[in-house]
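Peer 1: The sequence isn't on hand, but the structure is:
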């Protein structure tokens, strides 16, 4: 991190020195780390997103989409502030958290995007769309759009195998989006929260 890049350091106990922060910036431009290093946290993140979508679906019929989105963001903000406070207090808060103007700008844009996504998803769920359809389309669509934008805007690359996977996700989204379980299947209650599995009519 160079002094003339308008970088700042907060003593918030995040466990990063100025040198570590610069190394992290450089590493972000290189290839991904080995799968075993990041697959666990990535799957935990996927589980959190799955719960996020299920909870929105469960509450969407009982709250206005905008109000639901605002409450969601307030709770997320409180959780984040508690985490930041805990980090600040660990080891007397003597470690440093690095940031710069670019990081703040993109974090702001990300906040705007996720806020819009929350409002829109509350709205979609309030229409009565099944979670078994809306979640795969939203998450799969995010993967598809994110991969394309990563290629076009971030100049990242995928092999033929990777692009084949993106194509398969796109086909899967089409299959899920055009699925009509009520016309060919019957719903079997699975949980009191309203989740269902389906069974073909010819197996009744």
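Peer 2: That came through, no problem. Keep in mind that what you see is a predicted model, and the values were worked out from it rather than measured. Numbers count the residues shown, from 1 in each chain.

Peer 1: quick one, helices of the chain?
Peer 2: Applying DSSP state H to the chain gives helices spanning 18-27, 35-59, 65-89, 101-126, 131-153, 160-177, 181-184.

Peer 1: export the ones you listed to a markdown table and tack on mean pLDDT and mean neighbour count?
Peer 2: Bear in mind the C-beta positions are built from the backbone N, C-alpha and C, glycine included. Shown next, in a markdown table, are those (pLDDT from 0 to 100; neighbours: other CB atoms under 10 Å):
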| stretch | mean pLDDT | mean neighbour count |
| --- | --- | --- |
| helix 18-27 | 47 | 13 |
| helix 35-59 | 88 | 13 |
| helix 65-89 | 89 | 14 |
| helix 101-126 | 90 | 14 |
| helix 131-153 | 88 | 15 |
| helix 160-177 | 88 | 13 |
| helix 181-184 | 54 | 11 |
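
Peer 1: how far away is the nearest residue to residue 54 once chain neighbours are set aside from residue 116?
Peer 2: With sequence-adjacent residues excluded and distances taken as CB to CB, 6 or more residues apart in numbering, residue 54 is closest to residue 131, at 6.1 Å. Distance of residue 131 to residue 116, computed by CB to CB, to the nearest Å: 20 Å.

Peer 1: what's the distance between residue 166 and residue 121?
Peer 2: From residue 166 to residue 121 the distance is 22 Å (CB to CB).

Peer 1: Around residue 154, count how many other residues there are.
Peer 2: 10 (other CB atoms under 10 Å).

Peer 1: Quick check: pLDDT value at it.
Peer 2: Looking at residue 154, its pLDDT is 89.

Peer 1: now it: how far from residue 147?
Peer 2: Taken as CB to CB, the span from residue 154 to residue 147 is 10 Å.

Peer 1: And for residue 101?
Peer 2: Relative to residue 147, and taking CB to CB, residue 101 is found at 28 Å.

Peer 1: residues touching residue 140, list them.
Peer 2: 169, 170, 172, 173, 176 (CB atoms under 8 Å, 6 or more residues apart in numbering).

Peer 1: Do I have it right that the last one meets residue 133?
Peer 2: Yes: between residue 176 and residue 133 there is a contact under CB atoms under 8 Å: 5.6 Å.

Peer 1: Common neighbours of these two, please.
Peer 2: With CB under 8 Å, 6+ apart, residue 176 and residue 133 have no common neighbours.
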